[in-house]
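Asks: Fold the following.
(2 chains)
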Amino acid sequence: MTLKELSEILLPNVEHDRKYYEELYPERNLPEGAIVTRYAPSPTGFVHMGALYQSYISSKMAHQTGGIFFLRIEDTDQKREVENSVEMILKDLKDFGFNPDEGVTLDGEKGNYGPYTQSKRKDIYQAFARDLIEKGLAYPCFLSEDDEKEIRDQQARVKARIGIYGDWARSRFLTTEQVLEKINNGEEYVIRLKSDGNFNNKITVKDCIKGNIEMPENDIDVVIIKSDGLPTYHFAHAVDDHLMHTTHVIRGDEWVSSLPTHIALFKAIGVKPPKYAHIAPISKIENGNHRKLSKRKDPEAAVSYYSKLGIPKEAVKIYLATVANSNFERWFDANPNADINDFKMEFSKMSRSDSLFDQEKLYNISRNYISKLPATVVYDSALEYAKEYDHELEELLVKYKDYSIAIYNIERERKKPRKDYIMYSDIKNQTWYMYDELFNPEELEYEFANINDSEEIKKILKLYLEKYYNEEDDESTWFNRMKELSDELGYASDMKAYRENPDAYKGNVADVSIVLRVALTSKAQTPNLYNLMSLLGKDRIAKRYNYFIQK
RNA sequence: GGCCUGUUGGUGAAGCGGCUUAACACACAUGCCUUUCACGCAUGCAUUCACGAGUUCGAAUCUCGUACAGGUCACCA
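Replies: Below you'll find the model as predicted:
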């Protein structure tokens, strides 16, 4: 019996042969230097920072070279599949603007190199596996789970390397007759690579990020087709990235140790491996040790965590860019008005070791990002946020659109804007007192400071309303009136004079202004009082002050 | 245990043989400015690049060893 015939018995029902598929997916016609990358997640739940980071780098590297970024779903382990994962992945990629040019998309598949879901490519993998069997580069293995355990135990006993290789790969030595007999007995089998590698040989792989990595050559007879007929990750990677003409495989560095396997597989298939870029993980520190950010253990690892907080997507992107390329921040400072997509990302600037996820830094970036936004954009984003997470805020924003925009505009659209909000969930905490619906004096705690005697407070408020407040005043007039008020009541209007001789006064204009501020908003710290007063208007000011005067 | 990788301040890190008495940013601290806060400005914050040895006129940068950390050794990706 020929090997070809054997391959047909081993993998029956294969529709096409390898040659057919090679012709189906010709070389891509791309400009010189264009990079083809992919993001190839398993559908196992929500997207976390590490995955987002990876997809960012992949899409960026492809797009800045005029290449292709595609999405492939690696669902060859059906036990681990989580429902709706693909939808979640797609949504996050879209929200962040890491749109795949090809592959699985919201409205079906796109591109000429599909299918892009591995479970739909079974025939392709089997065609390639048949080809390997035919060439004597792969063989069926009938080792059961128990057999493998026994081999492992024995290897441990004699201190040999663990694995199915060399003489340990017992099914390698089966005759065709024995193979046929086992099949007839209904024994299950997998297809393994018949490795011709030597562990004592060294191979060198040039990683785009980590540089040259020297490793022993693979001599393990890795499984390429599982007993359910689906490929292992390793084999699917080799076949898919060959057929889809991926130029750069960008993935987490937990994969570097399987590099020898992958190199061996590409060699068996007879094609040149793609370039590899293994990115270091984003970690957190726990009990003094670095630990990769985990989907299960770290809620702050979920991309959705930041949506709930109202951190703008752009800010997250900027943060990821600073982690990805150490020179990004410099560039961003130098080009404050540039589109961050114009930044040229480079593999050579990526860290070889893991980075600690720095929430403070993310928040700082977010704060700066929001501070530079025009008030109308802050409004739109806040509304979008409120619609999903805060309906009370949503109602207020809808009802008082222009008013809200005016609030956000206080000390905003200028060179050095205020930086009040880190995230959209901060907005209500910092502006609630501007809305009568949320301002109920009976329930408030007023944060009076130096001046807290209620008679004195009454006196200040009363005099201010009667004599010094005028809605028409511009800011400097308004401030001068406050100074006059201070003088009349024995508070220093000149801070320098006060500092030189504090005992000569009851206090100073700052103390007085705090009374006016707290009585109006209940808070000791607010944006510019003049602006707040202008927005609240005469009637509301009088109403809020009279609450104290009549108390 | 084998194989691979990494280790620069509280954090992200730059630097990759002399221009480094270690850049920049975040955080922190102090002061100034100021009607509060925030902003802004100024200053401070690693005598030293895990440790030890070696190469060199010269090392954070090259080599070796040690320690520590991470990854990986599946019919999971």
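
Asks: which helices and strands sit right next to the lowest-mean-pLDDT helix or strand in chain A?
Replies: When the helices and strands of chain A are compared on mean pLDDT, DSSP states H and E, strand A:289-292 comes out lowest with a mean of 76. The helices and strands touching strand A:289-292, judged by 3 or more CB pairs under 8 Å, 6 or more residues apart in numbering; DSSP states H and E, are strand A:282-286. Any C-beta I mention is one placed from the backbone N, CA and C, and that applies to glycine too.

Asks: Could you pull out the buried residues of the strand it packs on?
Replies: Neighbour-count burial for strand A:282-286 flags A:282-284 (criterion: 16 or more other CB atoms under 10 Å).

Asks: list the contacts for the residue nearest to A:P417 when sequence neighbours are not counted?
Replies: Nearest residue to A:P417 in three dimensions, chain neighbours excluded: A:S371, at 4.6 Å (CB to CB, 6 or more residues apart in numbering). With contact set as CB atoms under 8 Å, 6 or more residues apart in numbering, A:S371 has these partners: A:412, A:417-421.

Asks: near RNA strand B too, which of the residues you listed?
Replies: Among these, the residues within reach of RNA strand B (CB under 7 Å from any atom of the strand) are A:417-420.

Asks: Please list the outside residues in contact with the strand or helix carrying A:N480.
Replies: Secondary structure assignment for A:N480, by DSSP states H and E: helix A:475-489. Residues outside helix A:475-489 that contact it (CB under 8 Å, 6+ apart): A:459-460, A:463-464, A:467-470, A:473, A:492-494, A:506, A:508-509, A:512-513, A:516, A:530, A:533.

Asks: same thing but at 10 Å, please
Replies: A:451, A:456, A:459-460, A:463-464, A:467-473, A:491-494, A:498, A:505-513, A:516, A:528-531, A:533-534 (CB atoms under 10 Å, 6 or more residues apart in numbering).

Asks: before we move on, what about stretch A:497-512?
Replies: Identification of contacts with stretch A:497-512 by CB under 10 Å, 6+ apart yields A:448-451, A:456, A:460, A:464, A:479, A:482-487, A:489-495, A:514-515.

Asks: Repeat that for stretch A:8-19.
Replies: Applying CB under 10 Å, 6+ apart, the contact partners of stretch A:8-19 are A:1-3, A:7, A:23-24, A:122-134, A:138-140, A:176, A:179-180, A:183, A:189, A:191, A:225, A:229, A:239, A:243, A:269.

Asks: Please pick the buried ones from those.
Replies: Buried among these by 16+ other CB under 10 Å: A:3, A:7, A:122-134, A:138-140, A:179, A:183, A:189, A:191, A:225, A:229, A:239, A:243, A:269.

Asks: So which of these belong to helices?
Replies: Secondary structure assignment by DSSP state H places A:3, A:7, A:122-134, A:179, A:183, A:239, A:243, A:269 of these in helices.

Asks: just to revisit the earlier point, the helix holding A:N480 vs RNA strand B: in contact?
Replies: Yes: residues of helix A:475-489 contacting RNA strand B under CB under 7 Å from any atom of the strand: A:475, A:479.

Asks: next helix or strand past that helix?
Replies: Sequence order places strand A:491-492 as the next helix or strand after helix A:475-489, per DSSP H and E.

Asks: which helices and strands does that following strand pack with?
Replies: The criterion is 3 or more CB pairs under 10 Å, 6 or more residues apart in numbering; DSSP states H and E, and the helices and strands that strand A:491-492 contacts are helix A:475-489, helix A:495-500, strand A:507-508, helix A:509-521.

Asks: Tell me the buried residues within the contacts of stretch A:497-512.
Replies: A:448, A:451, A:456, A:460, A:464, A:479, A:482-483, A:485-486, A:489, A:491-493, A:514-515.

Asks: just those residues now: which is nearest A:L30?
Replies: A:F479 (64.1 Å; CB to CB).

Asks: count of residues packed around the closest residue to A:C141 other than its chain neighbours?
Replies: Closest residue to A:C141 apart from its sequence neighbours, by CB to CB, 6+ apart: A:S171 at 4.0 Å. For A:S171, the tally of surrounding residues (other CB atoms under 10 Å) stands at 19.

Asks: Model confidence score at A:S171, please.
Replies: You'll see A:S171 listed with a pLDDT of 93.

Asks: who in the stretch 151-300 of chain A is up against RNA strand B?
Replies: Counting by CB under 7 Å from any atom of the strand, the stretch 151-300 of chain A sits next to RNA strand B at A:152, A:159, A:161-164, A:188, A:190, A:210-211, A:213-216, A:223, A:226-228, A:230, A:232-233, A:253-258, A:281, A:285, A:289-292.

Asks: hang on, the earlier thing: what's in contact with the least confident helix or strand of chain A?
Replies: By CB under 10 Å, 6+ apart, the residues outside strand A:289-292 that reach it are A:50, A:252-254, A:280-285, A:297-298, A:301, A:353-357.
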